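Trainee: task: produce atomic coordinates for the following.
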Amino acid sequence: MKTSIIVSFLLATSASSFTISNVNKSLQPISSTTTSTLNLFGGKKNDGGGQDKGPMGGMMDQLAMFKKAQEIAKMKGELDKELAAMDIIGVAADGKVKVTVKYVPAQLPVNPSPGYDAVGVEIDEDFLNETASADLGPAVVEALRDGETRATVAVGEKYKSLEAELASIMGGMGMGQ
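Mentor: Numbering: from 1, shown residues only. Next up is the predicted model:
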């Protein structure tokens, strides 16, 4: 019983918040003029330094940037194919242990991170016969790490061209610092 009285009271008070506060005013249409400019795609610069880019605003600039981004993505794909075809060899134990490493490009969205695969191991036969297994394992690991390090350097060198392209795009936005 108490809850129904409270609910009724709350409904009555909240209903009054939706009524017109001053009924005595005559209902006249309100006319106001507002000016707003929707520069969704850039538009004319107000500082006087820019020029009007036409009815499409800065959309053409955005389309040019999108086209440039597509070119960069294509270049990245070509570089990834080049790098995946390379055999990068890591060495250890004075060249007696060699591990061949291949670059594995990112496969979006399944595997977004690039990596390296060891595809071959060569061990000098004399070294294999003379060395204990406790010394052989660390030599193989060292060769693998050397191969991954060399692969990382090779990838970095190849991607320098992409870095320059990205800097040319981002330079105009103040982000290339």
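Trainee: now do the contacts for residue 63.
Mentor: In this structure, residue 63 makes contact with no residue, judged by Cβ atoms under 8 Å, 6 or more residues apart in numbering. Using the backbone N, CA and C atoms, a C-beta is placed for each residue, glycine as well.
Trainee: so where's the chain shaky on pLDDT?
Mentor: When residues are selected by pLDDT under 70, those of the chain lie in 1-60, 171-177.
Trainee: where do the helices sit along this structure?
Mentor: All helices of the chain, identified by DSSP state H, fall at 2-15, 59-85, 125-130, 133-158, 160-170.
Trainee: which parts of the longest one are buried?
Mentor: By that I understand helix 59-85. Judged by neighbour count (16 or more other Cβ atoms under 10 Å), helix 59-85 contains these buried residues: 72, 76, 79, 80, 83.
Trainee: what about residue 65, distance to residue 123?
Mentor: 52 Å (Cβ to Cβ, to the nearest Å).
Trainee: and residue 149, how many neighbours?
Mentor: 14 (other Cβ atoms under 10 Å).
Trainee: the residue lying closest to residue 82 once chain neighbours are set aside: neighbouring residues, count only.
Mentor: Once its chain neighbours are removed from consideration, residue 82 has its nearest residue in residue 158; the separation is 6.8 Å (Cβ to Cβ, 6 or more residues apart in numbering). Counted with other Cβ under 10 Å, the neighbours of residue 158 add up to 17.
Trainee: likewise for the one 3 residues further on?
Mentor: Residue crowding around residue 161 was assessed by other Cβ under 10 Å; the count is 13.
Trainee: so it touches residue 75, yeah?
Mentor: Yes - with the criterion set as Cβ atoms under 8 Å, residue 161 and residue 75 qualify as a contacting pair; they are 7.1 Å apart.
Trainee: that older thread, make a markdown table from the buried residues of helix 59-85 and add distance to residue 93 to it.
Mentor: Formatted as a markdown table, the entries for the buried residues of helix 59-85 read as follows, by distance: Cβ to Cβ, whole Å:
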| residue | distance to residue 93 |
| --- | --- |
| 72 | 41 |
| 76 | 36 |
| 79 | 32 |
| 80 | 32 |
| 83 | 27 |
